[in-house]
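Chemist: Sequence plus the predicted model coming up.
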Protein chains: 2
Amino acid sequence: MDKSFLIFREHLAHSNDFSSEELDLILSKMEHKRVPKKTHLLSIGEICDFEAFVLKGIGISYFIHENGSKVILSFASESWWLSDIESFHRQTPSKMCIETIEEMELLCLSLKDKEELLQSIPKLERMYRLMLQNHLVNYQQRLLANIAHSGKERYQAFIEKYPNVMKRVPQHLIASYLGITAEFLSRIRADKN
Amino acid sequence: MDKSFLIFREHLAHSNDFSSEELDLILSKMEHKRVPKKTHLLSIGEICDFEAFVLKGIGISYFIHENGSKVILSFASESWWLSDIESFHRQTPSKMCIETIEEMELLCLSLKDKEELLQSIPKLERMYRLMLQNHLVNYQQRLLANIAHSGKERYQAFIEKYPNVMKRVPQHLIASYLGITAEFLSRIRADKN
DNA sequence: AAAAAGCATTGAACTATGTCAACAAATTGA
DNA sequence: TCAATTTGTTGACATAGTTCAATGCTTTTT
């Protein structure tokens, strides 16, 4: 087994106590994929057939605004998950796109394999539930920030929270994630205060 | 057992197949509470000790903005859940408030009882996971709307989606939920187009 | 039934952010 | 290494949404 998988084992072990056999079983179902940069992993209308754990690299999920511009929903770098939850679980056409920014290394799980894993390792259900809870709280806070904080404040919070993402993705994508235009973000950064 | 609990049984049965005994067990752990209107169920700094299913009435969860105004995170009416997920599960001081608007009837579950239920009915873990997934998709879409749609568009989508809530809560709270001021919402409504 | 409190509307002035267009800088790719 | 593309910056102007203050309308309380 590849050493790079360690990051995933650590992720799973972090707040859960899976046995070594369980970890092996989980890993055996995950397909290791290497994807070049600027590759589409999911397009609008397709059914998302993966839930991917990021071993390496960085990717984005985004919607297309009526006017054609991208609205970034999330960045996913090392130790994050990348998927369209809705499309994947309901097996419905996706409303979003997923694409790599850098070359990525992923551990991909199919719905069928996920269901099987959940059958054989009930504890995994719990892990997913806890993960979703954290995820949900994140979205709540982001929504709140979008309502209650200025573009500048959101930007400052972002670089605090994700300095790492900040350095690796083009600025205009971060602007989009923050809900402001690229031009406005540029002005915020130029601002002395 | 009170007939009004039926709405809860239906909710559980909806996409899950719990046996009658399981349903009874679940219900036995849930405390039926009647709460007057305008009552605080959770204040900032408190630890949220309930996860409540709404049998009747309507309540809100909200944050307090620096300037003292409320920022509505969510409305919860019949068949919705009302809780501060983060505070409840991590047992940490809450950053939000929860309060009734109308008189409410709730089925409240404590963390201890929830854990016990999850132990004895593993299927329940799955139900929660699916619930969280839906919940999460909702927040994603709301965030997206806040970034990509105008106040007017969000308002129109809201009355489409929650006509029922619309009629029962003061307009300024809906404005807050939508991320606009009460005055601006009033102008949107006055607008002929 | 009167007083008080909360809620909705409106006007006028203001501001954070968007738009468009031009250009400069950096990165990619042949 | 040069051309092409992508990314970031800046200016001038436009606008969606805010703020504040005044006013009247409901609902609640006494």
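Modeler: Yes, it's here.
Chemist: Would you tell me whether the helix or strand A:Ser28 falls within gets close to chain B?
Modeler: Using DSSP states H and E, A:Ser28 falls within helix A:20-29. No - using CB under 8 Å from any CB of the partner chain, helix A:20-29 never reaches chain B; the gap is at least 15.6 Å. Backbone N, C-alpha and C define where each C-beta goes, glycine included.
Chemist: C-terminal to that helix, which secondary structure element comes first?
Modeler: Heading C-terminal from helix A:20-29 (DSSP H and E), you reach strand A:31-35.
Chemist: just checking, what packs against that following strand?
Modeler: In terms of contacts (3 or more CB pairs under 8 Å, 6 or more residues apart in numbering or on different chains; DSSP states H and E), strand A:31-35 is packed against strand A:104-109.
Chemist: Quick one: name whatever helix or strand follows the longest helix belonging to chain A.
Modeler: Secondary structure of chain A per DSSP state H: the longest helix is helix A:122-148. For helix A:122-148, the following helix or strand on the C-terminal side (DSSP H and E) is helix A:151-161.
Chemist: Nearest residue to the residue of chain A found nearest DNA strand C in space, please, no chain neighbours.
Modeler: For chain A, the residue closest to DNA strand C is A:Phe184, as judged by CB to the nearest atom of the strand, at 3.3 Å. Spatial nearest neighbour of A:Phe184, chain neighbours left out: A:Gly151 (6.1 Å); criterion: CB to CB, 6 or more residues apart in numbering or on different chains.
Chemist: List the residues that contact the one you found.
Modeler: A:Leu178, A:Gly179, A:Ile180, A:Phe184, A:Leu185, A:Ile188 (CB atoms under 8 Å, 6 or more residues apart in numbering or on different chains).
Chemist: want to throw these into a markdown table with distance to B:Phe158?
Modeler: Putting the contacts of A:Gly151 into a markdown table (distance: CB to CB, whole Å) gives the following:
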| residue | distance to B:Phe158 |
| --- | --- |
| A:Leu178 | 23 |
| A:Gly179 | 19 |
| A:Ile180 | 23 |
| A:Phe184 | 26 |
| A:Leu185 | 29 |
| A:Ile188 | 30 |
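Chemist: which of those residues has the most neighbours?
Modeler: Greatest neighbour count in the contacts of A:Gly151, by other CB atoms under 10 Å in any protein chain shown, goes to A:Leu178: 24 neighbours.
Chemist: A:Ile159 against A:Val165, yeah?
Modeler: No - using CB atoms under 8 Å, A:Ile159 is not in contact with A:Val165; the gap is 9.0 Å.
Chemist: Between the two, point out the one with more neighbours.
Modeler: The neighbour comparison of A:Ile159 against A:Val165 (other CB under 10 Å) goes to A:Val165, with 20 against 13.
Chemist: Could you check how far the more buried one is from A:Lys70?
Modeler: Separation of A:Val165 from A:Lys70 (CB to CB, to the nearest Å) stands at 16 Å.
Chemist: Around chain B, which positions in chain A sit nearby?
Modeler: Selection of chain A residues close to chain B by CB under 8 Å from any CB yields A:63, A:65-66, A:71, A:73, A:85-86, A:89, A:118, A:122, A:125-126, A:128-130, A:132-133, A:135-137, A:139-140, A:142-144, A:146-148, A:176, A:179.
Chemist: Now restrict those to buried residues only.
Modeler: Burial by neighbour count, judged by 16 or more other CB atoms under 10 Å in any protein chain shown, picks out A:63, A:71, A:73, A:85-86, A:89, A:118, A:125-126, A:128-130, A:132-133, A:135-137, A:139-140, A:142-144, A:146-148, A:176, A:179 from these.
Chemist: Just confirm the residue of chain A closest to DNA strand C is within a helix.
Modeler: Yes - applying DSSP: H, G, I helix; E, B strand; the rest coil, one finds A:Phe184 inside a helix.
Chemist: Of all the residues in the helix holding A:Ser28, which ones are buried?
Modeler: Across helix A:20-29, burial judged by 16+ other CB under 10 Å covers A:Glu22, A:Leu23, A:Leu25, A:Ile26, A:Leu27, A:Lys29.
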